[in-house]
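**Student:** structure for this input, please:
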Amino acid sequence: MPIRIPSELPAQDILLKENIFVMNDEVAQRQDIRPLEVGILNLMPNKIQTESQLCRLLSNTPLQINIDLIRIDGRESKHTPKQHLDMFYHDFQDVQHKRYDGLIITGAPVAHLPYEEIAYWQQITQVMDWATSHVQSTLYLCWAAHAAMYHHFNVQRKFRDEKLFGVFEHEVYRPLDELVRGFDPFFWAPHSRYGHIATTQYEGVSDLHVLAGSEEVGAYIIASEDKRIVFLTGHPEYDLRTLRDEYYRDLSNGTRVSKPKHYFKQDNPELGLQMTWRSHGTLLFTNWLNYYVYQTTPYDLKELSANDL
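**Tutor:** This next block holds a predicted model:
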């Protein structure tokens, strides 16, 4: 079964051109099954790009999935047309009565800001608290993973002297966990962040398990014992060109940044790019949907219970 997304969402045309099966609203309404309900709180500035990246990873599953795009910041966006936001996004206040099988909270372009100084921090914490009783499994990406560790467990991040930037090799630490089922013992994934939380700090939280990571990167995949929280400190959703675009954007802004590691062929931007993370990123999201969402969620979402953090 395919992912179900709104008929006019740009991601639909993008995925169809990649030979990925998607279903529009009209066709999906004729199917007599209980689809998974997944919300995406998209905090990234280029929302259309992030929507397409996440829908691509969510599409490789036999399950039908309904997607709700959610926003919490009503300020005008510099990178996404207002018409797009008004047409496809739900204000959180309009969906907070709902319950979801899964929720994805993306990273955000607020690298060095203290959490409490972020304009929409109060709204983010409201969503995080709401998710404990209204969502079966919540997946936090990059900055959101650190923010959730701070909000739920009072674990503060530190900042690296240099941005962790590029594609890095990781090792599977708990190969029997269903979230990494089918993974190779070593695999690659992109990172783009200054923030860092030590592996021992994740392990110091009761019922959190570090499933994969490395000495250079630290913890990458972290999950709770009850499968209701997943932290991904990197960006498995990134397209081939995303790191390149970030690199040249930083250079054009006068930001001192090194070339993304293990990304350009022979470490030379003129030789082109190499993608080494697509298969594991897809498998990670498929495993999350299957084992952490579908296999654990109640048929009637009204039966969701609060998660005591």
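
**Student:** which residue ranges of this protein form strands?
**Tutor:** Per DSSP state E, the chain carries strands over the ranges 3-4, 22-23, 36-41, 65-71, 89-91, 100-105, 135-141, 158-172, 186-196, 208-214, 218-224, 229-232.

**Student:** and the third one, how far from the chain's centre?
**Tutor:** Mean-position distance between strand 36-41 and its chain equals 11 Å (C-alpha atoms, centre = their mean, to the nearest Å).

**Student:** just the C-alpha atoms of it, please, in CSV.
**Tutor:** Taking C-alpha atoms only, strand 36-41 is exported to CSV below (Å, rounded to 0.1, in the frame of the first residue of the first chain):
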residue,chain,number,x,y,z
LEU,A,36,-1.9,4.8,10.0
GLU,A,37,-2.2,8.5,11.0
VAL,A,38,1.1,10.2,11.0
GLY,A,39,1.7,13.9,11.9
ILE,A,40,4.8,15.9,10.7
LEU,A,41,5.7,19.0,12.7
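
**Student:** how about residue 38: what's its closest non-neighbour residue?
**Tutor:** The spatial neighbour of residue 38 that comes closest, neighbours along the chain excluded (C-beta to C-beta, 6 or more residues apart in numbering), is residue 102 at 4.4 Å. The C-beta positions use only the backbone N, C-alpha and C, and glycine is treated the same way.

**Student:** number of nearby residues for the one you found?
**Tutor:** Other residues near residue 102 number 24, with proximity taken as other C-beta atoms under 10 Å.

**Student:** who's in contact with it?
**Tutor:** 36-39, 135-139, 288-289, 292-293 (C-beta atoms under 8 Å, 6 or more residues apart in numbering).

**Student:** looking at those residues, which is nearest residue 14?
**Tutor:** Nearest to residue 14, judged by C-beta to C-beta, of the contacts of residue 102 is residue 38 at 18.2 Å.

**Student:** could you check the pLDDT of the closest one?
**Tutor:** As predicted, residue 38 sits at a pLDDT of 96.

**Student:** my read: residue 139 touches residue 288, true?
**Tutor:** Yes: with contact defined as C-beta atoms under 8 Å, residue 139 counts as touching residue 288 (6.1 Å).

**Student:** spit out the residues that contact the two alike.
**Tutor:** 102, 230.

**Student:** rewinding a little: of the strands of the chain, which is nearest residue 281?
**Tutor:** strand 186-196 (6.9 Å).

**Student:** adding distance to residue 258, write the strands of the chain out as TSV.
**Tutor:** TSV is the format used below for those (distance: least, C-beta to C-beta, whole Å):
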stretch	distance to residue 258
strand 3-4	36
strand 22-23	37
strand 36-41	31
strand 65-71	33
strand 89-91	35
strand 100-105	28
strand 135-141	23
strand 158-172	7
strand 186-196	12
strand 208-214	18
strand 218-224	18
strand 229-232	23
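
**Student:** pull the number of nearby residues for residue 47.
**Tutor:** Neighbours around residue 47, by other C-beta under 10 Å: 22.

**Student:** swap in residue 278?
**Tutor:** Neighbour tally, residue 278, other C-beta under 10 Å: 15.

**Student:** same check, this time on residue 90
**Tutor:** Count around residue 90 with other C-beta under 10 Å applied: 14.

**Student:** cool, the one 3 residues further on as well?
**Tutor:** Here the neighbour count serves as a burial measure; for residue 93 (other C-beta under 10 Å) it reads 10.

**Student:** do you know how far it is from residue 123?
**Tutor:** 10 Å (C-beta to C-beta, to the nearest Å).

**Student:** now do residue 200
**Tutor:** For residue 200 relative to residue 123 (C-beta to C-beta), the value is 31 Å.

**Student:** re the thing from before, residue 247: which of the strands of the chain is closest?
**Tutor:** Among these, strand 158-172 sits nearest to residue 247 (C-beta to C-beta), with 7.6 Å.

**Student:** okay, now the unreliable bits of the stretch 201-309 of the chain?
**Tutor:** Scanning the stretch 201-309 of the chain for pLDDT under 70 picks out the ranges 306-309.

**Student:** show me the helices in it, by range?
**Tutor:** 242-252, 278-287 (DSSP state H, counting those that start in this stretch).

**Student:** from the contact counts, what lies against the shortest one?
**Tutor:** Using 3 or more C-beta pairs under 8 Å, 6 or more residues apart in numbering; DSSP states H and E as the contact criterion, the neighbours of helix 278-287 among helices and strands are helix 47-58, strand 186-196.

**Student:** what angle do that helix and strand 186-196 make?
**Tutor:** Here the directions of helix 278-287 and strand 186-196 differ by 80 degrees (axes from the mean of the first three to the mean of the last three C-alpha atoms, to 10 degrees).

**Student:** run the angle between helix 278-287 and strand 100-105 for me.
**Tutor:** Inter-element angle recorded for helix 278-287 and strand 100-105: 140 degrees (by the same axes, to 10 degrees).
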